[in-house]
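Peer 1: could you work out the structure for the sequence below:
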Amino acid sequence: MQSGLKAIETTGTIDSGNRLVLDDPLPVEGPTRVRLIILFQEEAEMDETQWLQAASSNPAFDFMKDPGEDIYTLADGRPFCDQG
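Peer 2: Presented below is the predicted three-dimensional model:
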């Protein structure tokens with residue numbers, strides 16, 4: 001390991017272009033080269049809200065925006081009541 005290395009802990013986001021965007025400015029005069037260690041959560045379980053947001057913005061479901069896909073109305077079918 002090189003002498004004179006200093007560590008800074010901060011947070012950020014990987015954007016859709018796979019670029020790191022930091023939440024706060026770094027306390028380092030630049031331009032200068034740095035070494036990075038990136039820690040991230042692997043395959044975290046998504047809650048329902050996150051899943052719905054991901055599905056609604058996924059281009060794989062763009063066909064659902066076609067008005068021709070609206071084949072049901074509130075008047076269709078019968079209410080379901082589970083008597084358990």
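Peer 1: next, count neighbours for residue 77.
Peer 2: By other Cβ atoms under 10 Å, the residues close to residue 77 number 8. Just so you know, the C-beta spots here come from the backbone N, C-alpha and C atoms, and that holds for glycine as well.
Peer 1: mind checking the SS state of it?
Peer 2: Taken by DSSP: H, G, I helix; E, B strand; the rest coil, the conformation at residue 77 corresponds to coil.
Peer 1: find the least confident helix or strand in this protein, judged by mean pLDDT.
Peer 2: None of the helices or strands of the chain scores lower by mean pLDDT, DSSP states H and E than helix 48-57, at a mean of 85.
Peer 1: distance of the residue positioned nearest the centre of the chain from residue 23?
Peer 2: For the chain, residue 54 is the residue whose C-alpha lies nearest the centre (Cα atoms, centre = their mean; 7.3 Å). Residue 54 is 22 Å from residue 23, where distance means Cβ to Cβ, to the nearest Å.
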